[in-house]
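A.B. asks: sequence first, predicted model second:
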Amino acid sequence: MRRYTIAINETLHTIDVEEVSRDRFSVHLADGRLVDATLVEHRDLGQALITPGVELGEPRPAPEGEVAAGSSRMEPGVGAQAASRPAARPAGAERRDALTSPMPGVVLSVDVAPGTPVTRGQVLLVLEAMKMKNALRAESDGVVSRVSVAVGDQVRHGDLLVEFEA
């Protein structure tokens, strides 16, 4: 389970998100409700933007004994400007034919080569960031056209890792 703190209209909300399957999640809301969510689309963007479309199910009560995530009001002026400012979209952010690095790190393994057919969810490579291994997976079915990194390479956030045939 992962805990996220997000700002909506200058109010901080802490939510707990539990992955049920590759595209299904249980979201524990601050008021104690438990909501089922389905990931409709996911893109690897050049900046840390939260943009996947999500379909929410009907709220259901949290299981007995679970603690709901809390929420709190932001201090006036603290983070309010950043929360209200629209995020700039970097060049190439709309590319659906490539995987870019979601964070700086070191490539531990490359599990595909040009010409390799891949399926959605298949591990393409493993990136180590802050002593954690992160398996980067294919967002959809396709065929690898180019691999831009090798084991041991250091990458920055947004660097091109793998390209797919259009």
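C.D. replies: Perfect, thanks for sending it.
A.B. asks: what's the span of stretch 20-36, first residue to last?
C.D. replies: Stretch 20-36 has an end-to-end distance of 9 Å (criterion: Cα to Cα, to the nearest Å).
A.B. asks: outline the domain layout of this structure.
C.D. replies: Following automatic domain parsing, one gets these domains for the chain: 2-84, 98-164.
A.B. asks: in TSV, list these along with mean neighbour count and mean pLDDT.
C.D. replies: Bear in mind the C-beta positions are built from the backbone N, C-alpha and C, glycine included. Formatted as TSV, the domains of the chain follow (neighbours: other Cβ atoms under 10 Å; pLDDT from 0 to 100):
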stretch	mean neighbour count	mean pLDDT
domain 2-84	13	65
domain 98-164	16	91
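A.B. asks: next one: phi and psi at residue 23?
C.D. replies: Dihedral angles of residue 23 (phi, psi; degrees, to the nearest 10) stand at phi -130, psi 10.
A.B. asks: pretty sure it contacts residue 39?
C.D. replies: Yes - at 4.3 Å, residue 23 and residue 39 qualify as touching, with contact defined as Cβ atoms under 8 Å.
A.B. asks: quick check: next helix or strand after the biggest strand by length in the chain?
C.D. replies: If you go by DSSP state E, the chain has its longest strand at strand 11-21. Next helix or strand after strand 11-21 toward the C-terminus (DSSP states H and E): strand 24-28.
A.B. asks: other SSEs contacting the next helix-or-strand element following that following strand?
C.D. replies: For strand 24-28, the following helix or strand on the C-terminal side (DSSP H and E) is strand 33-39. The contact analysis (3 or more Cβ pairs under 8 Å, 6 or more residues apart in numbering; DSSP states H and E) places strand 33-39 against strand 24-28, strand 54-56, strand 60-61.
A.B. asks: secondary structure class of the nearest residue to residue 116 once chain neighbours are set aside, three-state.
C.D. replies: Of all residues not flanking residue 116 in the chain, residue 144 sits nearest, at 4.6 Å (Cβ to Cβ, 6 or more residues apart in numbering). Put simply, residue 144 is strand when judged by DSSP: H, G, I helix; E, B strand; the rest coil.
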